[in-house]
Structure formats: structure tokens, C-alpha cells
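1. A structural model of the following input is requested.
(one chain, ligands or ions: 2)
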Amino acid sequence: MVKVGIIGATGYTGAELVRILSRHPEIELVALTSRHYAGEEMADVYPALTGYVASPCEDLTPEDVLERAEVVFIALPHGHAVKVAGRAVEMGVKVIDLGADLRFRDAAVYEEWYKVSHADHELAANAVYGLPEIHREAIRKARVVANPGCYPTSVILGLAPLLKAGYIDPATIIIDAKSGVSGAGREARVTSLFVECNENINPYGVAGHRHTPEIEQELSLLAGREVKVTFTPHLLPISRGILSTMYAALVRPATEGELRQVYRDFYAGEPFVHLLPRGTWPHTRWVYGSNNCHINLTVDGRTGRVVVASAIDNLTKGASGQAVQNFNLMCGFAESTALAAPGLCP
Ligand SMILES: NC(=O)C1=CN([C@@H]2O[C@H](COP(=O)(O)OP(=O)(O)OC[C@H]3O[C@@H](n4cnc5c(N)ncnc54)[C@H](OP(=O)(O)O)[C@@H]3O)[C@@H](O)[C@H]2O)C=CC1
Ligand SMILES: CC(=O)N[C@@H](CCC(=O)OP(=O)(O)O)C(=O)O
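-> Ligands and ions are numbered 1, 2, ... in the order given. As a prediction, the model looks like this:
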């Protein structure tokens, strides 16, 4: 059994981690931290876990958690992971950080977009970007994994095959993405109130969202040249789910059938990325609570553009499911352990 600690266990991604790990046969939860709910049972905080999780929430220091655990998930707001991950490396504990602090190979990019200073550029440079479909072998050997952002997961998985095979002009990529409100976390804020979100859709972070450089870092690696994207997120009146619709100009004529084969080849054997049948466009419900990413695409022959749609659950493949997928790789378990499940049918 691997001893696992979760720092920030009662936030949305922390709770989703506990939910997924409750069906993992190879782990023992040895530390669930929460300042607010210290002393309460995790299943009392989230009654859906009743009968599946019998662990208390504790107000532990990161040092306490690192002393108990062999692998630690950090599910805290940005700015808290660097110190914990640095100490974990010294103590021989593996780390998966769900925040953005270690996602950039060049921490100066993080500093520019997140408007905070980064305390350990070397740690960031050596952390592995935890998108298994692209960096699987590096993740297997990693001690520190930076779990990707939710929007970047949907976008990179949606565009990777086309960029890698050189079918699209990287300068023409436009991403129209939409997220459920849980993407903003559990902290109370006016923009997450029912009255503000319900019966409403709005763009935000236009031409400046902090996921833009994360998407560009990974797409540039795939394309083998610098990629700049136009990325516009929208808030949807749903609790979970992301749908990203992406547009780019083809550099040479291609049929839909040819491009579908490119996707089938790129994702052959992948347990969680599914190209839907021709003409069946992704729905967020179909990936709800699952670690799956559903993709479809077509060629708009009139404009010479390809249109790709990609759907994930922001809390699962966009955060905690992917984190467990990384955990499985880092610990040598079957990659789908605790993760194999479909979304909602009706
Ligand atoms: N929500 C999503 O869809 C996604 C989120 N992420 C990232 O995952 C991380 C966690 O997000 P999420 O679970 O949504 O956030 P939440 O706000 O829901 O939870 C974060 C938890 O961290 C604890 N916390 C808050 N502030 C501090 C602090 N200053 N020091 C120590 N603990 C603190 C809180 O628990 P307590 O106060 O009880 O200690 C809180 O429950 C973030 O970095 C986020 O960006 C990544 C992908 C998707
Ligand atoms: C709806 C909503 O607010 N979503 C969040 C993204 C959540 C996420 O994946 O982001 P990080 O891990 O990078 O924080 C946002 O737009 O900032």
C-alpha cells in the first residue's frame, strides 16, 4: 500500500481526489488536511463519501504530511506549492501539484502571467508537465509532477495530433472554451453565486487568461516552433465540464477521413481519449465525473479550416482524475486504476 497525503483535501479538487482514491486498491490515505474542517470526518464534509472514506480532516503542516506520506497531492491555490514540493524532494516524497506553480519550464513566464515571484526556478524547470498522453515516459520517472490546468488539458489533447503531424498553421489557432463554475474552486466569490451564473454565459480573461502561456508552451513543443493562440474562456451555468471548440487553417488540403485517421493513430491504445464517431459532437454530460476526453473534428471546406471540439470534466481529467493517472504512472500501477468509468448516459 502506498501512503498518500492530500494537502487541501476539502476543496473541490481535493474532494474529487478523495472520491477517486476511495476506490484505489493500492493506497492508504494517511493525511487529509483542512484548516476549516479540522477535526471533522471527510465524509461529514462531503456526505457522498459516506461508507467509502473513514478519514478525518486535520490541520497539519506540510512537514507533518511529508513525514507520514510517500506521495503527496497538493490541491491548494497558487503560490503554496513551491516550498512544499522543494521540501518533499529533500525528504524523498513524490509530489503531484494540481496548481500552476510548477507548470512552466521557464518560471519567468509564470511570474509574468501570475504577477507573483517564483521562489525556485530550478524546481520548475525540472518538474514534469503531467499530461500522460504527451509526457508519459517522463512522468513514470518523475518525482515532481505539475498537473495541467483544466482548459489546457482539453485544448492540448484536442490539437496535439494536428500540430504534431503538421496539418495546421500554428499562427491561426483560435480557441473558444467554456467551463462549469466548479473550475473557480469552492471559495465564496460573487461571480460564482447562483444568481450571477444561472441563465448566463459570459467570456472572461479575454486576450489575457493565465492559461494562454501554458497552452502555448505545450503546443510549441508539439509543433516544434513557437505557437501563439487566441484563447477565450467562458463561464457556463453548469457545475462541472469543459467544452473547447478550436479553429485553425489547414496548411494543405485534407479530408475529414484523413484527419480522423491521424487522431486514431495518435491516440491508439489511450485509455481515456476517445474520438467520437463521425458527426457525433462531444457533450459535457458524456464525460461528467469521468477521466475521459471526448474529441471530434471536421473540415470546413469553404474556409479551409479544421474545427475540433474537445470535452472533459474539469475536476476529473482536468484535475484530480489526471492527477491519479499521473500517480499510477509514478508508482508503477496500471494507469487506469480507480479511473475506469464512463460519464452520464441520459
Ligand atoms: N477547480 C478546478 O476545476 C481546477 C483547479 N485546479 C487547481 O487546483 C488547486 C485547488 O483548486 P480547487 O480545489 O478548485 O480550490 P478550492 O478553493 O476549492 O480549495 C482549495 C483548498 O485549499 C485550502 N486553502 C485555501 N487557501 C489556503 C491557504 N492560503 N493556505 C493553505 N490552504 C489553503 C482550503 O482549505 P482550508 O481552508 O480548509 O484549509 C481550500 O479548501 C488550485 O491551484 C487550482 O487552480 C486545477 C485544475 C482544475
Ligand atoms: C471557471 C474558472 O474560473 N476556471 C478557472 C480555471 C481552473 C483551472 O484549471 O485552473 P488552474 O489549475 O490553472 O487554477 C479560471 O478560469 O481561472
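
2. Up against ligand 1, what does the stretch 151-300 of the chain have?
-> Residues of the stretch 151-300 of the chain found near ligand 1 (CB under 6 Å from any ligand atom) are 182-183, 185-187. All C-beta spots, glycine's among them, are computed from the backbone N, C-alpha and C.

3. Who are the packing partners of the helix or strand encompassing residue 85?
-> Using DSSP states H and E, residue 85 falls within helix 81-91. Secondary structure elements in contact with helix 81-91, counted by 3 or more CB pairs under 8 Å, 6 or more residues apart in numbering; DSSP states H and E, are helix 62-68, strand 71-74, strand 94-97, helix 121-126, strand 144-146.

4. sorry, back to before: just the buried ones out of the residues of the stretch 151-300 of the chain next to ligand 1, please.
-> Buried members of those, scored by 16 or more other CB atoms under 10 Å, are 182-183.

5. Please report how far the residue sitting furthest away from the middle of the chain lies from residue 158.
-> Residue farthest from the centre of the chain, counting by CA atoms, centre = their mean, is residue 302 at 34.1 Å. Relative to residue 158, residue 302 is positioned 22 Å away (criterion: CB to CB, to the nearest Å).

6. and if you look at residue 16?
-> Taking CB to CB, one finds residue 16 at 22 Å from residue 158.

7. Show me the beta-bridge partners of residue 275.
-> Residues in a beta bridge with residue 275, per DSSP bridges, are residue 295.

8. about what we covered before: okay if I get the helices and strands packed on helix 81-91 as CSV plus mean neighbour count?
-> Shown next, in CSV, are the helices and strands packed on helix 81-91 (neighbours: other CB atoms under 10 Å):
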stretch, mean neighbour count
helix 62-68, 17
strand 71-74, 26
strand 94-97, 27
helix 121-126, 16
strand 144-146, 27
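
9. Of all these, which one comes closest to residue 34?
-> helix 62-68 (11.8 Å; CB to CB).

10. name the helices or strands packed onto the closest one?
-> Helix 62-68 sits against strand 2-7, strand 27-33, helix 81-91, with contacts defined as 3+ CB pairs under 8 Å, 6+ apart.

11. most tightly surrounded among these?
-> Among the helices and strands packed on helix 62-68, strand 2-7 has the highest mean neighbour count (mean count of other CB atoms under 10 Å), at a mean of 24.

12. Extract the C-alpha set from that one and format it as CSV.
-> C-alpha atoms of strand 2-7 as CSV (Å, rounded to 0.1, in the frame of the first residue of the first chain):
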residue,chain,number,x,y,z
VAL,A,2,1.3,3.5,-0.9
LYS,A,3,0.8,6.1,1.9
VAL,A,4,-0.9,9.1,0.3
GLY,A,5,-1.4,12.6,1.7
ILE,A,6,-3.7,15.3,0.3
ILE,A,7,-3.0,18.9,1.2
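
13. Run the angle between it and helix 81-91 for me.
-> If you take axes from the mean of the first three to the mean of the last three CA atoms, to 10 degrees, strand 2-7 sits at 150 degrees to helix 81-91.

14. quick one: strands adjacent to strand 2-7?
-> Strand pairing for strand 2-7, using DSSP bridges, gives strand 27-33 (parallel), strand 71-74 (parallel).

15. Just tell me which of those strands ends up closest to ligand 2.
-> strand 71-74 (11.2 Å; CB to the nearest ligand atom).

16. Restricting to C-alpha, output the closest one in PDB.
-> What follows is strand 71-74, C-alpha atoms only, in PDB (Å, rounded to 0.1, in the frame of the first residue of the first chain):
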ATOM      1  CA  VAL A  71       3.200  10.500  -2.200                       C
ATOM      2  CA  VAL A  72       1.600  13.900  -1.600                       C
ATOM      3  CA  PHE A  73      -1.100  15.700  -3.700                       C
ATOM      4  CA  ILE A  74      -1.100  19.500  -3.300                       C
END
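
17. Just give me the neighbour total for residue 205.
-> By other CB atoms under 10 Å, the residues close to residue 205 number 15.

18. Same question for the one 10 residues further on.
-> The burial count assigned to residue 215 is 27, neighbours taken as other CB under 10 Å.

19. What separation is there between it and residue 336?
-> Distance, residue 215 to residue 336, by CB to CB: 26 Å.

20. for residue 13, what are its contacts?
-> 75, 98, 185, 315, 319-320, 323 (CB atoms under 8 Å, 6 or more residues apart in numbering).

21. Secondary structure class of it, three-state.
-> Classification of residue 13 using DSSP: H, G, I helix; E, B strand; the rest coil returns helix.
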